[in-house]
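Undergrad: the following comprises the amino acid sequence and a computationally predicted model.
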Amino acid sequence: MLKGRVHKYGANVDTDAIIPARYLNVSEPPELAIHCMEDIDSKFVDVVEKGDIIMATTNFGCGSSREHAPLSIKASGISCVIAKTFARIFFRNAINIGLPLLECERAVDETEDGDILEVDLSNGKIKNLTRDRLFIASPYPDFMMDLISSGGLIDFTKKRLSTRRL
Amino acid sequence: MTLAEKILAAHTGRKKVFPGEFLNVKVDLILANDVTAPIAIKEFRKLGVRRVFNPNKIVMVPDHFTPNKDIASAEQVKIMREFSLEQGVLYFEIGRMGIEHVLLPEQGLVLPGDVVIGADSHTCTYGALGAFATGMGSTDIASAMATGDIWMKVPPTIKLVYHGSLRKWVGGKDLILYTIGDIGVDGALYSAIEFTGEAIDTLSLDGRFTMANMAIEAGAKAGLFRVDNKTQLYIKNRARREYKVYEPGENGEYSRVIEYDVSSLEPQVALPHSPANTCPVSEVGDIAIDQVVIGSCTNGRIDDLQIAAQILKNRKVSPNVRCIVIPGSQEVYQDAINRELVSIFIKAGAAISTPTCGPCLGGHMGILASNERCLATTNRNFVGRMGSPRSEVYLSNPAVAAASAVAGRIVNPDQLKNENLSTGS
């Protein structure tokens, strides 16, 4: 069960906003986390606490393919991202590296910045403790569940490679 | 089936595939650059395999922060250079390289019917050759380097039909900017785009690369063109292996069909801070600029430089503007020298650089200070994209960019009068 405060953003938060390209001359997650959300929310890194949740409306993570974006979010302590929709490459990257994402339109519409949420990833239940409301996120397709429950793409591929060799 | 579905079916050994299905797709080429490769290599090491599945199908291009701008970026390139040597994968060193999406088609590494995945969002550029090409992250590339395949969800296809003939100074960049302005930055989210229509038939390959390149700016997974005589001519002396041309089926099912009449379309400009924030150049208003960048994986090809030179010939860049021209590859650079374009740029007062992504992503070679404004032929104008979060980037085609460099503000090339022509030199 995840629990944290919501940092809410609008539509089309791009990967340059999540981690500006000028910081991509390094690839270690803790170094990337120092600049997470810098250009659209300079206070984010100072106020974010472990377990907190990023929320946004549509097309979160659009733009570049940099895996540095979900890596910097994860390393900043964020436990999951909830949005109405995600950009395609960001979605893959987050699932691959084990940053949970949930799509839930109602939760986004009925949650404000600073609210406290409780999220159960096993059933997609999102509880807004501040407003005492319950939302259910869209379920993952079976294939994605396999990938997630394997612990991300590297462990999933490792498993595939080991059965292939046998 | 649509063009995208046919290519995906062929790469999974299936007769038919359906949008929404998850597939394991065999890949023909895997790409990474100096930003994404170091993470991919780190993840690859975790897989416990010693060798990549096929070194001839993996390409590494150091193009983002190169020639290296600082110690940190030099360390990243060192990781990919050493890995390339160890594994024997294709690696293009400084002096022999190009911006990845200009370079790979030039080298004949991408051919019609291929499935290409790249750890760079603009990998979709190769759709111009009738390939299914899509951007992914580093971990995807790590996995594919070991197995030779990757999971994909079959995308629905949106068909875009462009009718009419294009006016002077209007090209692929304007068609794609107009389209993104119409459907929005998530207008093609998770979808493949098929670009068709008589306006497309008349476009050069360079114009098609520009359009496919920016499919991602509408959220698309891939942007594909049918192979025609122009495509065949482009690959004729480049292809060194067999390839297969796929045609969309007559009964292909499209999630959406959008038709545009582009006969009266003006050059388009995307205003800050979204590629969808477009308007015709005549409606931009009086916007003074500090910098112009002509280049990138979007518009760094020879056609682009030719158009820019046509406008800059016997003219001078405004005293208030820094104009930076970046050929997309060594081949484009050499070609520009042979056609005497480089001396036109230098006489006009422009800087010309070795191939690099450089300023497009705010890496180096033309970073903006606060409150500065740049008109660029690149692909993104997000906040802080080219430097200070308080700077602004406008996007346009190379003709508008070159004309604006002369005028010192954003103008239609037709607005440049003959008095801008300098005498002598």
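TA: Now that the structure is in, tell me what you want to look at.
Undergrad: surely B:Ser73 touches B:Thr66?
TA: Yes - applying Cβ atoms under 8 Å, one finds B:Ser73 in contact with B:Thr66, separated by 7.5 Å. C-betas here are computed from N, CA, C, even on glycine.
Undergrad: hey, what's in contact with both of these two?
TA: Taking Cβ atoms under 8 Å, 6 or more residues apart in numbering or on different chains as the contact rule, B:Ser73 and B:Thr66 both touch B:Asp34.
Undergrad: pick out whichever of these two has more residues nearby.
TA: Using other Cβ atoms under 10 Å in any protein chain shown as the criterion, B:Ser73 and B:Thr66 rank with B:Thr66 on top: 25 against 22.
Undergrad: quick check: that one vs B:His364, distance?
TA: 9 Å (Cβ to Cβ, to the nearest Å).
Undergrad: what touches both of these two?
TA: Common contact partners of B:Thr66 and B:His364 (Cβ under 8 Å, 6+ apart): B:Thr356.
Undergrad: contacts only, for B:Val284.
TA: Contacts of B:Val284 (Cβ under 8 Å, 6+ apart): B:Val269, B:Leu271, B:Tyr394, B:Ile410.
Undergrad: I figured the last one hits B:Ile289, correct?
TA: Yes - here B:Ile410 reaches B:Ile289: they are 6.4 Å apart, a contact under Cβ under 8 Å.
Undergrad: now do the shared contacts for the two.
TA: Residues touching both B:Ile410 and B:Ile289 (Cβ under 8 Å, 6+ apart): B:Leu375, B:Tyr394, B:Ser404.
Undergrad: residues in contact with stretch A:96-105?
TA: Under Cβ under 8 Å, 6+ apart, the answer for stretch A:96-105 is A:2, A:67, A:70-71, A:73-74, A:78-86, A:91, A:94-95, A:119, A:121, A:124, A:126, A:135-138, A:147-148, A:151-154, B:137, B:139-140.
Undergrad: out of those residues, which are buried?
TA: Among the contacts of stretch A:96-105, those that count as buried by neighbour count (16 or more other Cβ atoms under 10 Å in any protein chain shown) are A:2, A:67, A:70-71, A:73-74, A:78-86, A:91, A:94-95, A:119, A:121, A:124, A:126, A:135, A:137, A:147-148, A:152-154, B:137, B:139-140.
Undergrad: so which of those are in strands?
TA: A:Leu2, A:Cys80, A:Val81, A:Ile82, A:Ala83, A:Val119, A:Ile126, A:Phe135 (DSSP state E).
Undergrad: circling back: what is the nearest of the contacts of B:Val284 to chain A?
TA: Closest approach to chain A among those (Cβ to the nearest Cβ): B:Leu271, at 14.7 Å.
Undergrad: can you tell me the closest non-neighbouring residue to that closest one?
TA: Of all residues not flanking B:Leu271 in the chain, B:Asn277 sits nearest, at 4.6 Å (Cβ to Cβ, 6 or more residues apart in numbering or on different chains).
Undergrad: if I look at that neighbour, how far off is B:Val269?
TA: Taking Cβ to Cβ as the measure, B:Asn277 falls 9 Å from B:Val269.
Undergrad: neighbour count winner among these two?
TA: The neighbour comparison of B:Asn277 against B:Val269 (other Cβ under 10 Å) goes to B:Val269, with 28 against 17.
Undergrad: can I assume the more buried one is in contact with B:Ala401?
TA: No - under the criterion of Cβ under 8 Å, B:Val269 makes no contact with B:Ala401, lying 9.8 Å away.
Undergrad: what residues are shared contacts of these two?
TA: Common contact partners of B:Val269 and B:Ala401 (Cβ under 8 Å, 6+ apart): B:Leu375.
Undergrad: and the closest residue to A:Phe135 other than its chain neighbours, what's its pLDDT?
TA: Excluding its sequence neighbours, the residue lying closest to A:Phe135 (Cβ to Cβ, 6+ apart) is A:Ala107, at 3.9 Å. Predicted confidence (pLDDT) for A:Ala107: 98.
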